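Trainee: after the sequence you'll find the predicted model.
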Amino acid sequence: MGLPLSHILMVTGFALVLIGLWGMLTHRNILRIIIGFSLIDTGLHLVMVATGYVTGGTAPIVDKALPAAEATARSVDPIPSALVVTAIVIGFSVTAVMLAFAIRIHDARKTLSIDALTESQW
């Protein structure tokens, strides 16, 4: 028997966060930094979903067929999933704004290198 799915999601999420952080800190191109930010965002989403996952769990719906005590013991926590849906929308909008800024910077300066952008224009 292997690792539970929640552990696999946690490890994958933290790996994506570390890869994204490495990409943001080592690259000097704005587009690569934006990609690193998106990897961090996706990794955090996976970690948040993994916190609410229950192996063998069911949907958190209580009805006559499933008593309330049994449903709460085996149900998946819906709060992290709802938060992740909201975070995905916010992450996409932030990424879109960053890409729009990158397009404007490229139009104005004809480069996306941070080194060229931080040079003095005197």
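Mentor: Sure, I can see it. Values in this document were obtained by computation on a predicted structure and should not be read as measured data.

Trainee: what's the least confident helix or strand in the chain, going by average pLDDT?
Mentor: helix 68-74 (a mean of 61; mean pLDDT, DSSP states H and E).

Trainee: give me the helices and strands touching the helix or strand following that one, please.
Mentor: With elements assigned by DSSP states H and E, the helix or strand that comes after helix 68-74 is helix 78-109. Under the contact definition 3 or more CB pairs under 8 Å, 6 or more residues apart in numbering; DSSP states H and E, helix 78-109 sits against helix 30-52, helix 114-117. All C-beta spots, glycine's among them, are computed from the backbone N, C-alpha and C.

Trainee: possible to save these as CSV with distance to residue 82, mean neighbour count and mean pLDDT?
Mentor: What follows is these, written out as CSV (distance: least, CB to CB, whole Å; neighbours: other CB atoms under 10 Å; pLDDT from 0 to 100):
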stretch, distance to residue 82, mean neighbour count, mean pLDDT
helix 30-52, 9, 18, 94
helix 114-117, 37, 12, 84
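
Trainee: out of these, which comes closest to residue 9?
Mentor: With CB to CB as the measure, helix 30-52 is the member of these nearest residue 9 (3.7 Å).

Trainee: which residues sit against stretch 105-117?
Mentor: Stretch 105-117 has contacts (CB atoms under 8 Å, 6 or more residues apart in numbering) with 28, 29, 30, 31, 33, 102.

Trainee: switch the cut-off to 10 Å
Mentor: Residues outside stretch 105-117 that contact it (CB atoms under 10 Å, 6 or more residues apart in numbering): 27, 28, 29, 30, 31, 32, 33, 34, 102, 103, 119, 121.

Trainee: same check, this time on stretch 21-33
Mentor: 20, 34-40, 43, 98-99, 101-102, 105-106, 111-118.

Trainee: how about a cut-off of 7 Å?
Mentor: Applying CB atoms under 7 Å, 6 or more residues apart in numbering, the contact partners of stretch 21-33 are 35, 36, 37, 39, 40, 102, 105, 112, 113, 114, 115.

Trainee: ok, the first one - contacts?
Mentor: Meaning residue 35. residue 23.

Trainee: redo that, cut-off 10 Å
Mentor: Residue 35 neighbours (CB under 10 Å, 6+ apart): 20, 23, 24, 27, 29, 95.
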